[in-house]
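J.: Below are the sequence and a predicted model; questions follow.
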Amino acid sequence: MKQNQLNSIALLIMGLLFFSCGIPKKKEVQKPNIIYIMSDDHAYQAVSAYGYGLNETPNIDRLAKEGAIFTRACVTNSLCAPSRAAMLTGKHSFVNGKVDNALPFNWDQDNFPKQLQKAGYQTALIGKIHLNGLPQGFDYSMVLMGQGMYYNPDFWVNGKKTRFEGYCTEIVTDQALDWLKNKRDQSKPFCMLYHQKAPHRNWLPAPKYVNLYDEKTFDPPETYFDDYEGRGTAAHTQEMEIAKHAMWGHDFKLIVDPNGDSTNFVPDLKRMNDEQRANWMAAYESENQDFLKAHLEGKELALWKYNRFIKDYLRCIKSVDDGVGELLDYLDEAGLAENTIVVYTSDQGFYLGEHGWFDKRFMYKESFRTPLVMRYPKEIKPGTKIDNLVQNIDFAPTFLDYADIEIPSEIQGESFRKLVGGETSDFRDYAYYTYYEYPSVHMVKRHYGVATKRYKLMHFYYDVDEWELYDLEKDPNEMKSVYDDPAYADVQKMMHKKLEEV
Ligand code: SGN
Ligand code: CA
């Protein structure tokens, strides 16, 4: 071989080496997967990571331990459908249009799953969404019809009505796993909304948990026998007291109605097959008989009702927690845990006997706040605790931020990626709240307000005109409004100013 031929070969080899390893390759950024778990009416008081000692939720707690727990996560409108509209759009109810459970939702507007889809994500929505119409932004959707049933529920599977046999929470988990394992396009990053109906009223447990807590007696919260002194008309006139407004058959499963009220029934009983119905009735039978013989009254009766309610509620949560465990196991087995953001939250908080109540709606603490824990090993340090006022309008911008998608300017929420990643402590210092569904079930008056970490200002309107102000440090249970108290004149002024800034 001639020298110049050898030289050209050497040059070629050098060139090839240069191109294969010499030029730094553009780092391929792997987009994170997202699993957004939402349950319905799951109070943070019933997530054991929050430390209330009511029940154990080891799988949800795992997310907090391996990631972050938010102690002041709150909603913009404490009701199911408005909350879901806010989290999908990143906008307050008065902007996305879904102000209450009754009005239609406009799916044509932008939402974060649509944005993710455009950026190459596979998206799925499985479970409860409570928004009318075919969900937009999802490659696969399987949603309950409205509230949905606990037993043998119907789902709209990509718009086609399909009946499933079994217990709703378990079905939703099985279907979520099925989508992850068999239905999605494995070559793409994915975002799955895995949304449980449980533990929504009327709290029907799974067959395997109907007797859980049978041997236990629960003490109600310290404010269970609240007389609502110190607050305005709205707290007095609500219709959500466990002892007064929950129903014998529907809520307390006392199918033999001692008051002879024929409206008390459990709709799911009609849907159950014979075996399910027999198992279910048998679970309550002996306790019901004991109760009927005992002729309880007054406080004793109120305590019995609290126990009947809380046990069924917590039994439903047990199945939700099991489902989270199954999902986390799958992520481990499939090697997906590291690159998947897992969020667990609820559509709002819930009263578990605080002020004597069940349900939500108020801007008072237990329904304004909601549980929020999340894990993303790549960015969130295990054991992170966030006490900022993160709101449900923040999910959309946060997910888009993680996926490196530009956040549309009309989104009102704020990404908390840097906050939870420990890069900044700078975040909104007050949260804005609105509630509109009145007059309606539970009769919680219309109101709006602002909350900082320390104070809360609320205005009830429509058929009243009343202001309330709480010092959350001195009065964490919000028992006495200090509105117009001269000692709080400056605070009142400061909070009104914040409200005007919104
Ligand atoms: C149903 C419930 C109410 C509950 C609303 C809204 N009654 O009407 O107690 O406040 O849903 O809940 S029930 O007898 O039908 O269970 S939400 O979470 O969907 O907003
Ligand atoms: Ca709800």
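T.: Thanks, I have the structure now. Ligands and ions are numbered 1, 2, ... in the order given.
J.: any low-confidence regions in the stretch 1-150 of the chain?
T.: Judged against pLDDT under 70, the low-scoring parts of the stretch 1-150 of the chain cover residues 1-28.
J.: the helices in it, which residues?
T.: In order along the chain, the stretch 1-150 of the chain carries the following helices (DSSP state H, counting those that start in this stretch): 3-17, 58-66, 80-89, 93-96, 112-118.
J.: now do the chain
T.: 3-17, 58-66, 80-89, 93-96, 112-118, 168-178, 233-237, 267-271, 274-294, 298-333, 365-368, 395-402, 417-420, 489-501 (DSSP state H).
J.: winner for burial among the ones you listed?
T.: Of all the helices of the chain, helix 80-89 carries the top mean neighbour count, a mean of 27, counting by mean count of other Cβ atoms under 10 Å. Yep, even glycine has a C-beta here, placed from its N, CA and C like the rest.
J.: Who are the packing partners of it?
T.: Helices and strands in packing contact with helix 80-89 are listed as helix 93-96, helix 112-118, helix 395-402; criterion 3 or more Cβ pairs under 8 Å, 6 or more residues apart in numbering; DSSP states H and E.
J.: what's the closest of those helices to ligand 2?
T.: Distances from ligand 2 to each of the helices and strands packed on helix 80-89 were compared by Cβ to the ion, and the smallest falls on helix 93-96, at 14.3 Å.
J.: what's the closest one in contact with?
T.: Contacts of helix 93-96 from elsewhere in the structure, counted by Cβ atoms under 8 Å, 6 or more residues apart in numbering, are 76-77, 82, 85-86, 88-89, 99, 105-106, 109, 410, 412, 434, 436.
J.: Between which two of those residues is the distance greatest?
T.: Distance extremes for the contacts of helix 93-96: the farthest pair is E410 and Y436 at 21.1 Å, using Cβ to Cβ.
J.: Tell me the pLDDT of Y151.
T.: Confidence at Y151, expressed as pLDDT, is 96.
J.: check contacts around it.
T.: For Y151, the residues meeting the contact criterion (Cβ under 8 Å, 6+ apart) are G166, Y167, C168, L204, D268, R271, M272, Q276.
J.: Turn the residues you listed into a markdown table, including distance to ligand 1 and pLDDT.
T.: Conversion of the contacts of Y151 to a markdown table gives the following (distance: Cβ to the nearest ligand atom, whole Å; pLDDT from 0 to 100):
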| residue | distance to ligand 1 | pLDDT |
| --- | --- | --- |
| G166 | 20 | 97 |
| Y167 | 17 | 97 |
| C168 | 14 | 98 |
| L204 | 10 | 95 |
| D268 | 11 | 81 |
| R271 | 15 | 87 |
| M272 | 17 | 89 |
| Q276 | 19 | 91 |
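J.: Between those, which sits nearest ligand 2?
T.: Proximity of the contacts of Y151 to ligand 2 was ranked by Cβ to the ion; the top entry is C168 with 14.4 Å.
J.: Considering only this protein, name the residue that lies closest to ligand 2.
T.: The chain approaches ligand 2 most closely through C80 (3.7 Å), counting by Cβ to the ion.
J.: quick one: is stretch 191-203 near ligand 2?
T.: No: judged by Cβ under 5 Å from the ion, stretch 191-203 stays clear of ligand 2, getting no closer than 5.8 Å.
J.: Between the two ends of stretch 164-182, how far is it?
T.: Taking Cα to Cα, to the nearest Å, the span from the opening residue of stretch 164-182 to its closing residue is 19 Å.
J.: For L79, give me phi and psi.
T.: Listed backbone geometry of L79 is phi -160, psi 150, with angles given as degrees, to the nearest 10.
J.: What's the local residue count around it?
T.: The tally of other residues near L79 (other Cβ atoms under 10 Å) stands at 26.
J.: Rebuild the helices and strands packed on helix 80-89 as a markdown table, extending it with distance to N152.
T.: Shown next, in a markdown table, are these (distance: least, Cβ to Cβ, whole Å):
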| stretch | distance to N152 |
| --- | --- |
| helix 93-96 | 33 |
| helix 112-118 | 28 |
| helix 395-402 | 31 |
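J.: any chance of those helices in TSV, plus distance to ligand 1?
T.: As requested, the helices and strands packed on helix 80-89 are arranged in TSV below (distance: least, Cβ to the nearest ligand atom, whole Å):
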stretch	distance to ligand 1
helix 93-96	13
helix 112-118	21
helix 395-402	18
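J.: how about the residue lying closest to G166 once chain neighbours are set aside, what does it touch?
T.: Nearest residue to G166, sequence neighbours excluded (Cβ to Cβ, 6 or more residues apart in numbering): N152, at 6.9 Å. N152 sits next to R163, F164, E165, G166, R271, M272, N273, Q276 when contact means Cβ under 8 Å, 6+ apart.
J.: The fifth one against R163, yeah?
T.: What it means is R271. No: using Cβ atoms under 8 Å, R271 and R163 do not qualify as a contacting pair, with a distance of 9.2 Å.
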